[in-house]
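[1] take this sequence and fold it.
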Amino acid sequence: MTLDATKIRRDFPILDQIVNDEPLVYLDNAATTQKPEAVLQTLMDYYHHDNANVHRGVHTLAERATQAYEAAREKVRQFIHAKETAEILFTRGTTTSLNWVARSFGDAFVEEGDEIVISYMEHHANIIPWQQLAQAKKAKLIYIDVTPEGFLDMADARRKIGPKTKIVAIAHVSNVLGGINPIEELIALAHAHDAVMVVDGAQAVPHMPVDVQALDCDFYAFSGHKMCGPTGIGVLYGKRQWLEQMEPVEFGGEMIDFVNLYDSTWKELPWKFEAGTPNIAGAIALGRAIDYLNAIGMTAIHEYEQELVAYVLPKLQAIEGVTIYGPQDPAKHTGVMAFNLDGLHPHDVATALDMEGVAVRAGHHCAQPLLNYLQVPATARASFYFYNTKDDADRLVDAILATKEFFQYGAL
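    Numbers count the residues shown, from 1 in each chain. You can find the predicted model right below:
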């Protein structure tokens with residue numbers, strides 16, 4: 001189907017506003033996406049009509065809430081093509097999901113001398129949990145290099161993933177460089193050495209079709225708020241064979257089967273990991289966000305975003321003094337575009353763009369090891385989603401040119 005971004009924008013009320021006397025151009029989608037009216041209404045409807053705790057009640061509201069909550073789990077399962085809902089765990093987001101794997105799987109299976117392999121391009125959420133695990137278990141943390149073009153160095157990956165490797169944890173899409181990593185090849189390489197593959201899918205699931213069974217990954221983590229859902233809800237997919245062998249990392253209500261004075265037993269999957277009252281409204285609204293994305297089509301979303309990249313990336317590359325990080329070929333670059341403007345701190349660039357109504361992010365993007373690797377302290381970052389248009393892209397380019405003009409000659 002053909003994606004009509006101008007029509008789609010009407011579903012997002014936040015986009016229709018004036019910022020600093022200019023129409024808003026929201027290009028901070030890698031940090032969080034905006035929510036369509038249907039998702040906002042789902043949240044309101046839940047609290048207006050169905051608010052009750054799940055699983056533990058037999059009254060009508062509790063049954064309705066439980067049904068909607070578990071229906072959302074099934075929507076997630078279908079969306080990422082997992083085998084069964086028992087493999088879908090609701091979490092607070094990608095960070096929590098990755099921490100659960102590091103703490104639970106790591107505690108059960110990683111031993112002294114084992115190796116954990118990640119890359120220089122990882123988000124802090126896919127670095128720090130493995131640092132902590134390596135320190136606790138006296139394991140070794142190993143980093144895969146990045147090529148000068150901004151790709152994962154697969155030759156280096158083949159050198160570093162070996163017989164001592166227990167875990168390989170890599171982002172599906174870089175939140176700075178914007179490249180899509182060869183996850184299938186990495187998974188095959190990890191499995192060839194009897195290692196498990198953990199995928200940070202925070203920047204992939206919102207933008208392209210993902211099939212965890214076809215990938216054959218062992219764990220896959222992502223966040224609802226980056227895919228038109230609310231904040232505070234995320235997903236950890238894990239293969240049943242691993243989840244059954246893992247212990248929960250949080251304990252309390254909901255996840256227990258029976259509590260004795262000195263020991264307890266847990267519920268079956270997936271509930272044994274979900275201690276306490278979950279983010280019920282968030283899960284239900286995430287399910288509605290999935291409905292919304294499915295109605296558009298993930299293939300259509302991916303193709304449209306690549307059209308935007310093909311349109312805007314050459315325009316940015318043509319601006320003298322702008323450095324784009326990551327793949328320079330638009331066909332190999334997603335809608336995440338980190339850049340710097342010569343002679344200006346990224347925070348100054350972002351502030352100037354905001355004065356033009358263009359919202360971008362500036363800083364280290366929770367990827368300090370990568371920026372150190374690139375030998376830059378920070379970057380600005382524009383990130384596109386399917387509700388952005390070529391007019392938005394032109395506004396970004398014009399705002400960068402105006403910023404350059406201002407800092408050179410003192411007038412916007």
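[2] got the contact list for Ala65?
    With contact set as C-beta atoms under 8 Å, 6 or more residues apart in numbering, Ala65 has these partners: Tyr46, Asp50, Asn51, Ala52, Asn53, Val54, Ile280. Where C-beta positions appear, they are placed from N, C-alpha and C, glycine not excepted.
[3] the fourth one - how many residues pack around it?
    For Ala52, the count of nearby residues is 16 (other C-beta atoms under 10 Å).
[4] A helix includes it, no?
    No - Ala52 is assigned coil when assessed by DSSP: H, G, I helix; E, B strand; the rest coil, not a helix.
[5] excluding sequence neighbours, find me the nearest residue to it.
    Leu61 (3.8 Å; C-beta to C-beta, 6 or more residues apart in numbering).
[6] pLDDT on whichever strand or helix holds that neighbour, on average?
    In this assignment (DSSP states H and E), Leu61 forms part of helix 60-80. The average of the pLDDT scores along helix 60-80 is 98.
[7] okay, the next helix or strand after that helix in PDB with CA atoms only?
    Per DSSP H and E, the first helix or strand lying C-terminal to helix 60-80 is strand 88-91. The C-alpha trace of strand 88-91 is given here as PDB (Å, rounded to 0.1, in the frame of the first residue of the first chain):
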ATOM      1  CA  ILE A  88       6.400 -12.700  25.500                       C
ATOM      2  CA  LEU A  89       7.300 -10.900  28.800                       C
ATOM      3  CA  PHE A  90       6.000  -7.500  29.500                       C
ATOM      4  CA  THR A  91       8.700  -5.200  31.000                       C
END
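[8] packing partners of the helix or strand following strand 88-91?
    Using DSSP H and E, the helix or strand that follows strand 88-91 towards the C-terminus is helix 94-100. In terms of contacts (3 or more C-beta pairs under 8 Å, 6 or more residues apart in numbering; DSSP states H and E), helix 94-100 is packed against strand 88-91, strand 196-200, strand 219-223, strand 234-238.
[9] cutoff 7 Å now
    If contacts are counted by 3 or more C-beta pairs under 7 Å, 6 or more residues apart in numbering; DSSP states H and E, helix 94-100 sits against strand 219-223, strand 234-238.
[10] now the angle between strand 196-200 and the last one, please.
    Strand 234-238 and strand 196-200 are oriented at 160 degrees to each other (axes from the mean of the first three to the mean of the last three C-alpha atoms, to 10 degrees).
[11] go on, the first one?
    Orientation note: strand 219-223 sits at an angle of 10 degrees relative to strand 196-200 (the same axes, to 10 degrees).
[12] if we can go back for a sec, what comes up buried for the helix holding Leu61?
    For helix 60-80, a neighbour-count test (16 or more other C-beta atoms under 10 Å) marks 62, 64-66, 68-70, 72-73, 75-77, 79-80 as buried.
[13] list the contacts for Arg64?
    Neighbouring residues of Arg64 by C-beta atoms under 7 Å, 6 or more residues apart in numbering: Asp50.
[14] tell me the strands beside the helix or strand bottoming out on mean pLDDT in the chain, with direction?
    The weakest-scoring helix or strand in the chain, judged by mean pLDDT, DSSP states H and E, is strand 256-259 (a mean of 91). Strand 256-259 pairs in its sheet with strand 264-266 (antiparallel), by DSSP bridges.
[15] next helix or strand past the partner strand?
    Next along from strand 264-266, by DSSP H and E: helix 280-296.
[16] remind me what that next one packs against, helices and strands.
    helix 37-45, helix 60-80.
[17] could I get those as JSON lines with distance to Leu269?
    Formatted as JSON lines, these follow (distance: least, C-beta to C-beta, whole Å):
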{"stretch": "helix 37-45", "distance to Leu269": "26"}
{"stretch": "helix 60-80", "distance to Leu269": "11"}
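[18] for Asp348, which of those helices is the nearest?
    Evaluated with C-beta to C-beta, the helices and strands packed on helix 280-296 place helix 37-45 nearest to Asp348, the distance being 34.0 Å.
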